[in-house]
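# after the sequence you'll find the predicted model.
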Amino acid sequence: MTSLLEVKNLSRSFGGLVAVNDVSFALEARSITALIGPNGAGKTTCFNLVAGAMRPTSGQVFFEGRSIENTPPEIVCRIGIARTFQIVRPMRDMSVLENAMVGAFSWTKSVNEARSKAYDSLESVGLAGKADARTDQLTLPDRKMLEMAKALSTRPKLLLLDEVMAGLRPTEAAGVVRVLQKLADSGLTILLVEHVMRIVMEIASSVVVLHHGAKIAEGSPREVVADPRVLESYLGTGFHA
Ligand SMILES: Nc1ncnc2c1ncn2[C@@H]1O[C@H](COP(=O)(O)OP(=O)(O)O)[C@@H](O)[C@H]1O
Ligand SMILES: [Mg+2]
């Protein structure tokens, strides 16, 4: 089976610091994979490398078999990779719908097409009822959903979510989990950075663990939480699933 995304021996240095160190992994289509590890492990840098926001020092990224590591971010977006950022930043003087339309202009010039796609995206994250609201009226969970809707409007095959549930209460995070499961069921492939292990265990079919830039473990959630290296470097030896 070919993978939707394959990262091969990917490395990125900043001066003397090796932020991502010879990392390889692959994502099967329609799966949800979690990228986990302590702060500074290289997770966001990995996202930047996959999304074309940064070039690797060495190594390769294949999307649908095509090498993309030297592809500019707007082209990466157009071929089907979308991302959200750790910090949510809606455009304040635009409505929720207008914000969600922004993503659609990556593939269409038609305002009508963009509006129609934006409604779809808002619907799939449960925000359609607030389409006309101003973004400063949104709660934090809604602003996170809007970031996802913006990303969905680009019509991605792969969605990269960087700590999209950070700062949410458990019940709010549970709402996001349901949305992500529905998206994966409808054919989207998701790679997410997530710190709450309970959420990772519930949502991810596989997990990649980074530590000091290197991959130290990979497998099902159950496998990685039982891995001594993961317990030692990230979860703590007192961790119980
Ligand atoms: N643009 C940058 N310039 C210099 N160092 C960076 C840059 N981006 C990230 N780093 C460093 O690379 C390491 C990995 O960072 P990051 O990928 O943000 O980790 P994570 O998302 O896992 O917390 C950290 O030590 C960070 O300080
Ligand atoms: Mg990060």
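Looks like it arrived, so ask away. The structure presented is a predicted model; accordingly, all values stated were derived computationally and were not measured. Residues are numbered from 1 along each chain as shown. Ligands and ions are numbered 1, 2, ... in the order given.

# return the distance of stretch 104-112 from the chain's centre.
Distance, stretch centre to chain centre, for stretch 104-112: 23 Å (Cα atoms, centre = their mean, to the nearest Å).

# list the buried residues for that stretch?
104-107 (16 or more other Cβ atoms under 10 Å). Where C-beta positions appear, they are placed from N, C-alpha and C, glycine not excepted.

# and it, end to end?
One end of stretch 104-112 sits 10 Å from the other (Cα to Cα, to the nearest Å).

# now do the helices in this protein.
Here the chain has its helices, by DSSP state H, at 43-50, 73-79, 96-104, 111-124, 140-152, 170-185, 197-203, 221-225, 228-230.

# residues in contact with the fourth one?
For helix 111-124, the external contacting residues (Cβ atoms under 8 Å, 6 or more residues apart in numbering) are 96-98, 100-101, 103-105, 108, 128, 130-131, 146, 148-150, 152-153, 155, 179, 182-183, 186.

# what do you get if the cut-off is 10 Å, keeping everything else the same?
Helix 111-124 is touched from outside by 95-108, 110, 127-131, 145-146, 148-155, 179, 182-183, 186, 188, with contacts defined as Cβ atoms under 10 Å, 6 or more residues apart in numbering.

# and the second one, by the same measure?
Applying Cβ under 10 Å, 6+ apart, the set of residues contacting helix 73-79 from outside is 48, 50-54, 61, 63-64, 66, 68-69, 71-72, 81-83, 103, 106-107, 151, 154-158.

# same thing but at 7 Å, please
Contacts to helix 73-79, defined as Cβ atoms under 7 Å, 6 or more residues apart in numbering, come from residues 51-53, 63, 68, 106-107, 154.

# repeat that for the fifth one.
In this structure, residues lying in contact with helix 140-152 by Cβ under 7 Å, 6+ apart are 82-84, 88, 90, 96, 99-100, 102-103, 121-122, 124-127, 130, 135, 138, 159, 164, 167-168, 172, 175-176.

# again, only this time at 6 Å
82, 84, 88, 90, 99-100, 102-103, 121-122, 125, 127, 159, 164, 168, 172 (Cβ atoms under 6 Å, 6 or more residues apart in numbering).

# same thing with the longest one?
Outside of helix 170-185, the residues that reach it under the criterion Cβ under 6 Å, 6+ apart are 30, 32, 125, 141, 165, 190, 203.

# can you tell me which residues in this structure are near ligand 2?
Applying Cβ under 5 Å from the ion, one finds that the chain approaches ligand 2 through 43-44.

# how does this structure divide up, domain by domain?
Listed domain ranges for the chain are 1-80+156-168+189-241, 82-155 (source: automatic domain parsing).

# could the ones you listed go into JSON lines alongside mean pLDDT?
Listed next are the domains of the chain as JSON lines, based on pLDDT from 0 to 100:
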{"stretch": "domain 1-80+156-168+189-241", "mean pLDDT": "94"}
{"stretch": "domain 82-155", "mean pLDDT": "91"}
